[in-house]
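# Model the structure of this input:
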Amino acid sequence: MDGGTVHGVTLTPNTEEGRELLSIEATVDCLDLFEVTAIDGYAASLRAIAAHDRATAIEDYMDRVGVNYGTARTIYRDSRTWARALTPEGRASWLSDILKTYAPLKHYALIEAMREFGEPTT
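Predicted coordinates for the structure are as follows:
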């Protein structure tokens, strides 16, 4: 991936040496590498985009608040657990520009949960 765009999908190599070689090739080409489990290339692309967006949201939170990755990841997981525990009506009621402005990581977790449950996010 480069800038959130998928440039290719490949099977994960079976050996550690093969994985390291794939990682080195991606680094040389300045690409982000995401390992996902999927049934086909299209599903793999969608999961890689979601993983990229999640990583970007966590990194943005780290930059804004000044916390380390472990703390930001814990806050993301707690926010996702919170969002998944809500009813569909509860999730819809929290969908607001105020949450997006003042708690963007929580907003991202809410959107991700809504997509997972097939709920509208607009």
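# burial of Y61, as a residue count?
Y61: 23 surrounding residues under other Cβ atoms under 10 Å. Quick note: C-beta positions are derived from backbone N, CA and C, even for glycine.
# Against which helices or strands is the longest helix anywhere in the chain packed?
Ranked by residue count under DSSP state H, the longest helix found in the chain is helix 41-65. Using 3 or more Cβ pairs under 8 Å, 6 or more residues apart in numbering; DSSP states H and E as the contact criterion, the secondary-structure elements in contact with helix 41-65 are helix 69-85, helix 104-116.
# Now do stretch 56-66: everything it contacts.
Outside stretch 56-66, the residues within contact range by Cβ atoms under 8 Å, 6 or more residues apart in numbering are 4, 67-69, 72-73, 75-76, 104-105, 108.
# Closest one of those to A83?
If you rank those by distance to A83 using Cβ to Cβ, Y108 comes first, at 9.5 Å.
# what does the model give that closest one for pLDDT?
At Y108 the predicted local distance difference test score is 91.
# Just confirm A50 contacts I111, I think it does.
No: with contact taken as Cβ atoms under 8 Å, A50 and I111 are classed as non-touching, separated by 10.6 Å.
# follow-up on the earlier one: closest to E17 among the contacts of stretch 56-66?
Here the nearest of the contacts of stretch 56-66 to E17, counting by Cβ to Cβ, is Y69; it sits at 27.1 Å.
# residues contacting that closest one?
Under the contact definition (Cβ under 8 Å, 6+ apart), the residues listed for Y69 are 58, 62.
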